[in-house]
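Participant: Sequence first, then the predicted structure:
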Amino acid sequence: MDQLALLFVLLLGALVTVPLGDRTGLPPPVLMTLGGIVLALLPFVPSVNIPPEFILPMVLPPLLYASAQRTSWRQFHANRRPIFLLAVALVFVTTAAVAAVAHAIVPGISLAAAVVLGALVAPPDPVAATAVAGSVGLPRRLVSILEGEGLFNDVTAIVLYHVAVAAAVSGSFSLPKAFAELVLSAVVAVAVGLALGWAAKRLMHVLGDPTLQIGLTLLVPFVSYVLAEEFKGSGVLAVLTTALFLAEYATDADDVLGRLANHTFWEIVDTLVTGVAFGLVGLELHNALGTASGRWGEMLGIGGIVVAVVVGVRLVWLLPAAQLARKLHKRRDVDEEILTSWRETVVMWWSGMRGVASVALALAIPLRTSSGVRFPARDEILFIAFAVIISTLVVQGLTLAWLVKWLRVRVDIDATREAERELAVRAAKAARHRLLEILEQEDLPEDLMEMLGRRAYDMGARISPDMVDEERRDAHAQRVERLQTLQRLQGELLSAARHEVLAARSEPGVDPEAVDRVLRHMDERTLRGG
């Protein structure tokens, strides 16, 4: 088996583990990691050979872009305090603790290299955590905190990582210079992200076609990352800024087909890239185990100590930080999402699995310093990093569902329904308001006015039936039943028409492009319910 065949095996595994995870109750990232471990043990499977400088630019941009599309500027602003405590402060504390321990117990590791290790194991992985959270039914508030932490801790840790790598490679370190580089990196990244977001928004209007627009969104995160890195900025922060800008300002509410296609496309990209990345976690175990050859006791002991530090620091930090956030929340009337109990704090702690970002950073460590010697303790760093990744991902990933069930941390169904009801009321009011504006401008027949009024009312009732009283709910249910019957019969008519048109595609003299255009028109009509 060669490298290309291995890549296709990982891509196939990324798809297969999704339904397999649904049936077994195991998160797909955990299954991909276990699958990678199995592959690594097979003698005919080659070792992964990816140049370190290509790891971060190829893996992180699409994952960050896909994750950022699920949130918003408002959510980050509202949650800035818990995000700062979790994503910024905790990353610094974890990096410092791991670096201090590693410098004391790992033979031959320099202080800068120890900070590299601390930075790459500091950020919990949002992909793994939210994938598990979605399968166990965590409250949306808790998932939002995990997503916010995941995005910003990646940014913080990767900037720290780059500063530490530069110090290890050059052999010199200056705290004022490092701080200046951190600030400059953030400023450049935000500027590049906003500029590229604005340019991409304008270009989307020029392109017009949804297919071309989606193609542009695939290029944007890579361009944002590379461009920011060229100007000595943080590539991950630039990608995050660009994604949030486009999600906020480049969304057309009426572009139904484009929005659905874009969502589907990025779900596919996210699934494939995530699967390959977690498969690499397991595959790289082969190389990591080679490092421990002949000194298993020493390396396992060191790895166990660092795992304990990473997991312990998170718990020790989260307990007082969550309590502080709750006290500050009570003093100020702010719309932020916080951990409301010690049970949620424990779930948040156990959700701190390491994954894609840590793998990418570990594999991206340079092979040699500027003087030509091997990077200090690079093999040991890789072994420890993979010990942390696999220990947290597999152990915590497999037991998180049990912990959530035991602590009875569940989504608040009443709050979710109330939020949907409020949005349904707003949707119905907006439709009725627009109808009144239309009636002032156009002279419509009475029966058409009555039908439009019912449809404006039904929009909200379809989303949230609880917004109407029982009598109106029954009337609405009858109308829905008639509409469903009409749509079912109309669907059968369209199905017969599509089969006939598709059969004509194989007939001599029929233009296949004409068939495809007719089918596309019919599919669009079906999607819009027309």
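Facilitator: Everything's here; your move. Numbers count the residues shown, from 1 in each chain.

Participant: Report the central residue of this structure.
Facilitator: residue 67 (2.8 Å; CA atoms, centre = their mean).

Participant: Local confidence estimate at that one?
Facilitator: At residue 67, the pLDDT value in this model is 76.

Participant: same check, this time on the one 4 residues further on
Facilitator: Residue-level confidence at residue 71 comes out at 68, pLDDT.

Participant: now the one 4 residues further on
Facilitator: On pLDDT, residue 75 comes in at 66.

Participant: quick one, helices of the stretch 101-250 of the chain?
Facilitator: Secondary structure of the stretch 101-250 of the chain (DSSP state H, counting those that start in this stretch): helices at 111-121, 126-136, 140-170, 175-207, 210-230, 235-249.

Participant: what about the second one, average pLDDT?
Facilitator: Averaged across helix 126-136, pLDDT comes to 61.

Participant: before we move on, what about the fifth one?
Facilitator: Averaged over helix 210-230, pLDDT sits at 90.

Participant: Touching, the residue nearest to the centre of the chain and residue 148? I think so.
Facilitator: No - shown here, residue 67 and residue 148 do not form a contact pair, counting by CB atoms under 8 Å, at 10.1 Å. (Glycine included, C-beta is placed from N, CA and C.)

Participant: Pull the helix or strand that contains residue 344 out as CSV, backbone CA atoms only.
Facilitator: Here residue 344, judged by DSSP states H and E, is contained in helix 342-350. The C-alpha trace of helix 342-350 is given here as CSV (Å, rounded to 0.1, in the frame of the first residue of the first chain):
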residue,chain,number,x,y,z
TRP,A,342,-20.7,22.0,39.2
ARG,A,343,-22.1,19.1,37.1
GLU,A,344,-21.7,21.2,33.9
THR,A,345,-18.2,22.2,35.1
VAL,A,346,-17.2,18.5,35.4
VAL,A,347,-18.6,17.7,32.0
MET,A,348,-16.7,20.7,30.6
TRP,A,349,-13.6,19.4,32.2
TRP,A,350,-14.0,15.9,30.8
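
Participant: Help me confirm that residue 506 is found in a helix?
Facilitator: No - with DSSP: H, G, I helix; E, B strand; the rest coil as the criterion, residue 506 is located in coil rather than a helix.

Participant: shaky segments in the stretch 301-450 of the chain?
Facilitator: Within the stretch 301-450 of the chain, the ranges that satisfy pLDDT under 70 run 328-340, 410-420.

Participant: in it, which spans are strands?
Facilitator: For the stretch 301-450 of the chain, strands defined by DSSP state E, counting those that start in this stretch do not occur.

Participant: can you give me the helices in it?
Facilitator: For the stretch 301-450 of the chain, helices defined by DSSP H, counting those that start in this stretch occupy the ranges 342-350, 356-363, 378-390, 397-407, 413-441, 446-463.

Participant: Out of those, which one sits most buried?
Facilitator: Among these, the stretch with the highest mean neighbour count (mean count of other CB atoms under 10 Å) is helix 356-363, at a mean of 26.

Participant: From the contact counts, what lies against that helix?
Facilitator: If you count contacts as 3 or more CB pairs under 8 Å, 6 or more residues apart in numbering; DSSP states H and E, helix 356-363 packs onto helix 52-68, helix 111-121, helix 140-170, helix 256-283, helix 378-390.

Participant: could you give the angle of that helix to helix 256-283?
Facilitator: Following axes from the mean of the first three to the mean of the last three CA atoms, to 10 degrees, one obtains 50 degrees for the angle between helix 356-363 and helix 256-283.

Participant: just to revisit the earlier point, what packs against the helix holding residue 344?
Facilitator: Using 3+ CB pairs under 8 Å, 6+ apart, helix 342-350 sits against helix 140-170, helix 296-331, helix 397-407.

Participant: Adding distance to residue 8 as columns, could you present those helices in CSV?
Facilitator: Conversion of the helices and strands packed on helix 342-350 to CSV gives the following (distance: least, CB to CB, whole Å):
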stretch, distance to residue 8
helix 140-170, 28
helix 296-331, 32
helix 397-407, 25
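
Participant: For residue 512, find the nearest of the ones you listed.
Facilitator: Closest approach to residue 512 among the helices and strands packed on helix 342-350 (CB to CB): helix 140-170, 44.1 Å.

Participant: what angle do that closest one and helix 342-350 make?
Facilitator: Using the same axes, to 10 degrees: helix 140-170 against helix 342-350 is 30 degrees.

Participant: For helix 140-170, buried residues please.
Facilitator: For helix 140-170, a neighbour-count test (16 or more other CB atoms under 10 Å) marks 141-169 as buried.

Participant: Check stretch 32-42 too.
Facilitator: For stretch 32-42, burial by neighbour count (16+ other CB under 10 Å) applies to 32-37, 39-40.

Participant: What of stretch 89-107?
Facilitator: Across stretch 89-107, burial judged by 16+ other CB under 10 Å covers 90-91, 93-99, 101-103, 106.

Participant: Report the next helix or strand after the host helix or strand of residue 484 in sequence order.
Facilitator: Using DSSP H and E, residue 484 sits in helix 470-504. Per DSSP H and E, helix 470-504 leads on to helix 512-527 as the next helix or strand towards the C-terminus.

Participant: returning to that earlier point: next, the angle helix 296-331 makes with the helix holding residue 344.
Facilitator: 140 degrees.

Participant: The chain should start at 56 in everything you say after this.
Facilitator: All right, first residue 56 from here; so that's helix 397-405.

Participant: where's helix 397-405 relative to the chain centroid, distance-wise?
Facilitator: 21 Å (CA atoms, centre = their mean, to the nearest Å).

Participant: Kindly report the same for stretch 137-155.
Facilitator: 21 Å.

Participant: Ends of it, what's the gap?
Facilitator: Taking CA to CA, to the nearest Å, the first and last residues of stretch 137-155 lie 26 Å apart.

Participant: So what touches that stretch?
Facilitator: Residues from elsewhere that reach stretch 137-155, judged by CB atoms under 8 Å, 6 or more residues apart in numbering: 131, 166, 169-170, 172-174, 176-178, 200, 203-208, 210-212, 215, 361, 364-365, 368-369, 372-373, 376, 379-380, 391-394.

Participant: and that stretch, average pLDDT?
Facilitator: 84.

Participant: hang on, the earlier thing: quick one: which of the helices and strands packed on helix 397-405 is nearest residue 99?
Facilitator: helix 351-386 (24.9 Å).

Participant: now the angle between helix 433-445 and the closest one, please.
Facilitator: If you take the same axes, to 10 degrees, helix 351-386 sits at 50 degrees to helix 433-445.

Participant: same for helix 351-386, what does it pack against?
Facilitator: On a contact count with 3+ CB pairs under 8 Å, 6+ apart, helix 351-386 meets helix 135-138, helix 145-160, helix 166-176, helix 397-405, helix 433-445.

Participant: Adding distance to residue 499, write those helices out as TSV.
Facilitator: Formatted as TSV, the helices and strands packed on helix 351-386 follow (distance: least, CB to CB, whole Å):
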stretch	distance to residue 499
helix 135-138	49
helix 145-160	60
helix 166-176	65
helix 397-405	53
helix 433-445	64
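
Participant: and of those helices, who's closest to residue 304?
Facilitator: helix 135-138 (20.2 Å).
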